[in-house]
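S.K.: missing the sequence, but the structure's below:
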């Protein structure tokens, strides 16, 4: 088979390519150019995904494997569909998840079309997740076997037609096995450090990017208020805060305070105690279901409300692309803009975007 | 199977050059600045090539400076002829080497665009120069669309402003004589004529001092320091010996290009040919296919064994739409569909036939995948 491997220059996608070569496929390496190079990256002092060093690494790996390598230019779509919505989300007081957006709008959209145009049968990536052919001709998305690396959370938006054409060869490996495989087949980057940051925020300072995109619309300073109504101080813009944040609030207080609410219209950041972060459920919008069909009956799913969340059993009522979720036990720091993903054991059922957390108070007020 | 149709990026090394180099790599080890026998032998070789190149271009041997390529020749000559802040009149079809050097010199640049076929009007150059203009820059033959520009008329129209001419694609393809054209300087490169990469030269009319950009020893009359690339220059010389045969092949290549154009127009919808086919290098064809990304088609063709370019080789890696095609008035989208086929002495009828029989299938697949 002819397969396209999306190659970042990191060890995971490189090993994915090596495995496909080993399995006897005709392999083509593609690296997505997602943004322009920064001066720091040009000098070689700093790098993240898409730096010139990463492109060179991907190219070098392909040369080592003896496969063709091409660069595809997705700077425009990445800016409009990932970076700008990321900034807008912060400007609206939310906590965005750009990796899901990138999978939805870049990898499993234009990249998959590109693979088809090159007459490839499959698109392969280095994600820690699995694609399994299930019953009734439906394809299933499952967690990677290495729970500490599992990336199925980021992939809930993938459609049946795309899933059918996608494979994740690292899905049943753990990171150590991936690295030793890389070493075994002589990949030059087998011991390259993992990238943990968001690829377009290599220094971890997302505020700079948000402010650059906001231009004249950088959120003004506003008040930091306690949940009990007291004004505690001033802040320099709501985009600097996320729900559950404890550090950098700029206020002195004897009690431990957390951001519990961000009001983008009044520019107010509300803080409270840890218990004020608890939610008993949430409402989700723009839901996608791996099977293509929303569950018709009320269901019980293991529910993840952020990537590094252990998951909580929950009662889920789905209707079209919306879902109402009630947790078995309260969950902390549910942030609007993050994805909620539903699992049945290790199978991804679907997911959506968190629209609102359901707090105890809201429920009591209604009652 | 591999069909190579990217001669403007780099031509395959000719057999004569390769055999000569094989022998020289084992024999030629002296430093041309050394007094001893090996040094003298190396020196003699370089000077022989200098005389040959001068004769080929129509200049004098002492007007030739060997460099690492045309880009270095460009930087060298612009640094000498343009002072920071000077006014320069430049065609819109120049190589990135020109833009880079002019930007580094902080020159004030007036760009001259042509018509929709890329034809340059000497009167536009005349209108753009004034008493502050230090230099006029125009290519002899354009690397992407193949247009042969009216250098002599431009020289006349801008007199007495000196004219620098990138002759990289012209060498070995069309006849020219630097004295007869009346230009001030020209750059050439070995690897476009069957020589090795990493060798080029600047011809600069006697009477103008060159300001070295590489400093050190007195090599190249003090114009370019550093031990000479002896073997590379020797290979350049061998390639120069066969220039007449290269030029003579142009007629055959023009026949192939005509077959190619007719085939494209017949088998594929939405083909547009760029440039001035009346006054054009015989080997160069620039075209686009509506709604088909040039980068994507380039990759699909490569996988099918056909090597072409989506613009100049420099911009193929750069992912930016071709400046040359934008200068023709094409939109960004149209420019991103641009492709270049450039033929050479090795290109056969069969290559063109196979290219034409493969392309429609690839186009159909690409069009189908973008609809899905």
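M.R.: Happy to help now that I have it. On a predicted model such as this, the values are computed, not experimentally measured, just so you know.
S.K.: count of residues packed around the closest residue to residue B:30 other than its chain neighbours?
M.R.: Using Cβ to Cβ, 6 or more residues apart in numbering or on different chains and skipping residues adjacent in sequence, the residue nearest residue B:30 is residue B:38, 2.9 Å away. Every C-beta, even on glycine, is put in place using the N, C-alpha and C of the backbone. Other residues near residue B:38 number 15, with proximity taken as other Cβ atoms under 10 Å in any protein chain shown.
S.K.: And the helices in the stretch 101-250 of chain A?
M.R.: Listed in chain order, the helices of the stretch 101-250 of chain A (DSSP state H, counting those that start in this stretch) span A:112-117, A:160-163, A:175-184, A:206-214.
S.K.: Is there any residue in the second one that contacts chain B?
M.R.: So the one you mean is helix A:160-163. No. Contact of helix A:160-163 with chain B (Cβ under 8 Å from any Cβ of the partner chain) is absent, the minimum separation being 8.6 Å.
S.K.: List the buried residues for that helix?
M.R.: A:160, A:162, A:163 (16 or more other Cβ atoms under 10 Å in any protein chain shown).
S.K.: Next, the contact list for the nearest residue in space to the first one that is not next to it in sequence, please.
M.R.: Nearest residue to residue A:160, sequence neighbours excluded (Cβ to Cβ, 6+ apart): residue A:292, at 5.3 Å. Counting by Cβ atoms under 8 Å, 6 or more residues apart in numbering or on different chains, residue A:292 makes contact with A:138, A:159, A:160.
S.K.: Now do residue A:292 against chain B, distance only.
M.R.: Distance of residue A:292 to chain B, computed by Cβ to the nearest Cβ, to the nearest Å: 17 Å.
S.K.: secondary structure element for that residue?
M.R.: Remark: residue A:292 resides in no helix or strand, with elements defined by DSSP states H and E.
S.K.: if we can go back for a sec, three-state assignment of the residue nearest to residue B:30?
M.R.: On the three-state scheme (DSSP: H, G, I helix; E, B strand; the rest coil), residue B:38 is labelled helix.
S.K.: can you pull the pLDDT of it?
M.R.: In this prediction, residue B:38 carries a pLDDT score of 94.
S.K.: beta partners for residue 271?
M.R.: No chain was given, so I picked chain A. On DSSP bridges, the residues paired with residue A:271 through beta bridges are residue A:226, residue A:259.
S.K.: think we crossed wires, I meant chain B
M.R.: Residues found in beta-bridge contact with residue B:271 (criterion: DSSP bridges) are residue B:289.
S.K.: Which residues are in contact with it?
M.R.: Residue B:271 makes contact with B:264, B:265, B:287, B:288, B:289, B:290 under the criterion Cβ under 8 Å, 6+ apart.
S.K.: can you tell me which of these lies nearest to residue A:15?
M.R.: Distance from residue A:15 was checked for each of these by Cβ to Cβ. The minimum falls on residue B:289, at 36.9 Å.
S.K.: quick one: whichever residue of the stretch 151-300 of chain A sits closest to chain B and residue A:350, what's the gap?
M.R.: Proximity to chain B, evaluated over the stretch 151-300 of chain A using Cβ to the nearest Cβ, is greatest for residue A:161 at 8.6 Å. Separation of residue A:161 from residue A:350 (Cβ to Cβ, to the nearest Å) stands at 16 Å.
S.K.: now do residue A:268
M.R.: 34 Å.
S.K.: and what of residue A:184?
M.R.: For residue A:184, the distance to residue A:350 - Cβ to Cβ - is 37 Å.
S.K.: And residue B:113, by the same measure?
M.R.: When distances are taken as Cβ to Cβ, residue B:113 and residue A:350 turn out to be 54 Å apart.
S.K.: So between those two, which is more surrounded?
M.R.: Neighbour tally, residue B:113 and residue A:350, criterion other Cβ under 10 Å: the higher count belongs to residue A:350, 26 against 16.
S.K.: What sits closest to the more buried one if chain neighbours are left out?
M.R.: Nearest residue to residue A:350, sequence neighbours excluded (Cβ to Cβ, 6+ apart): residue A:289, at 3.7 Å.
S.K.: That neighbour - how many residues pack around it?
M.R.: Other residues within reach of residue A:289, judged by other Cβ under 10 Å, total 21.
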